[in-house]
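Asker: can't give you the sequence, but here's the structure:
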């Protein structure tokens, strides 16, 4: 469905209270634009920002999909009820076009644990038994990705992929608690898992790049919480670093920006990952205590996405504006794309999200102007 149809649909169908919700994609109503601004497309803007180069404005993105409860609320408040795809919802809301493909390491036949947090693997024997349900040959839909590639080539869309990382993937097999014990009790199985998922990821990456070379990627890890990493530096060096050192160079050969997706506070472990070639992080959750300015001072070239405290979004315009003022100094420096620091919670009304988008547009332009 075309953006033009979505714009029309939005104006005719979106109502918040008694007023219509404006399509923020057409910002010319609010801002005069230079010829440079008119010629800069989504992909160029994204790559320039991430590489500390000049832009007309910072990208306006929502990297994470929305909670189902948030979307349900918004549909009651005016979001068209037939919208389901996260990418299409982003564009209806006026955000820049972006698509993600999660390259999983499990087949659909993988046994589902009876209880959340439990695992299907406890030792080498059980790992060998479930391997027939792992590492699928086909990991993405070529027709869909080819369509993305065409839009990416025109400069209209940013494409990214997610690979399951070397903390994340073993945890999905062992289960949450057993995984942490496994660093000590099942070291040989942990290494076997990471060797296998490395091979799978490299193969899937090459096949994906035959169709479309992503602009950036994330390793799904979730290896930190509000007090820092869940493992020590020696464990990272033994069980994760060797595998990062084999895949990150391949990513860079393709020109793909490698980031790590890990919730919680990453400040004390940022150097672990930059030391193996990772270039940045998301989502940089404010509630975990992350300080973007401190992080940038300690890691001047770090690439960052997120960092906007989602907890202020239900509090109204003054609170949201104050949060933008807090992160504006980092926005001005480049290499940082402001975005909600995880999924927008269902306490945020569509009206408040509309205010957030208006402020996001304002500050993305302000940051670009002041950085020139």
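Answerer: Received it, and whenever you're ready, just let me know what you need. From a predicted model like this one, the values you see are computed outputs, not experimental measurements.

Asker: Geometric centre of this structure: which residue is closest?
Answerer: With distances taken as Cα atoms, centre = their mean, the residue of the chain nearest its centroid is residue 63 (4.3 Å).

Asker: Beta-bridge partners for residue 261, please?
Answerer: Residue 261 has these beta-bridge partners by DSSP bridges: residue 220, residue 282.

Asker: contacting residues for it?
Answerer: Contact analysis of residue 261 by Cβ atoms under 8 Å, 6 or more residues apart in numbering lists 162, 218, 219, 220, 221, 222, 281, 282, 283. In short, each C-beta sits where N, CA and C put it, glycine included.

Asker: for residue 167, same thing?
Answerer: Residue 167 touches 221, 222, 223, 230, 231, 240, counting by Cβ under 8 Å, 6+ apart.

Asker: What lies in contact with the longest helix along the chain?
Answerer: The residue-count maximum for a helix in the chain (DSSP state H) belongs to helix 187-211. Contacts of helix 187-211 with the rest of the structure, by Cβ under 8 Å, 6+ apart, involve 101, 103, 105, 121, 123-124, 127, 131, 134-135, 139-140, 142, 145-146, 149, 161, 163-164, 166, 169-170, 173, 182-183, 214, 238-240, 243, 246-247, 250-251, 254.

Asker: and that helix, average pLDDT?
Answerer: The average pLDDT within helix 187-211 is 98.

Asker: I'd like to know how far the residue of the chain positioned farthest from its centre sits from residue 189.
Answerer: Here the chain reaches farthest from its C-alpha mean at residue 125, the gap being 35.1 Å by Cα atoms, centre = their mean. Plainly put, residue 125 is 10 Å away from residue 189 if you go by Cβ to Cβ, to the nearest Å.

Asker: check contacts around the residue nearest to the centre of the chain.
Answerer: Contacts of residue 63 (Cβ under 8 Å, 6+ apart): 98, 100, 282, 283, 305, 306, 339.

Asker: Burial check on the closest residue to residue 58 other than its chain neighbours, number of neighbours?
Answerer: Ranked by Cβ to Cβ, 6 or more residues apart in numbering and with sequence neighbours excluded, the top spatial neighbour of residue 58 is residue 364, at 3.9 Å. By other Cβ atoms under 10 Å, the residues close to residue 364 number 24.

Asker: State the mean pLDDT of stretch 267-277.
Answerer: On average, stretch 267-277 scores 98.

Asker: what about that stretch, start to end distance?
Answerer: Taking Cα to Cα, to the nearest Å, stretch 267-277 runs 16 Å from one end to the other.
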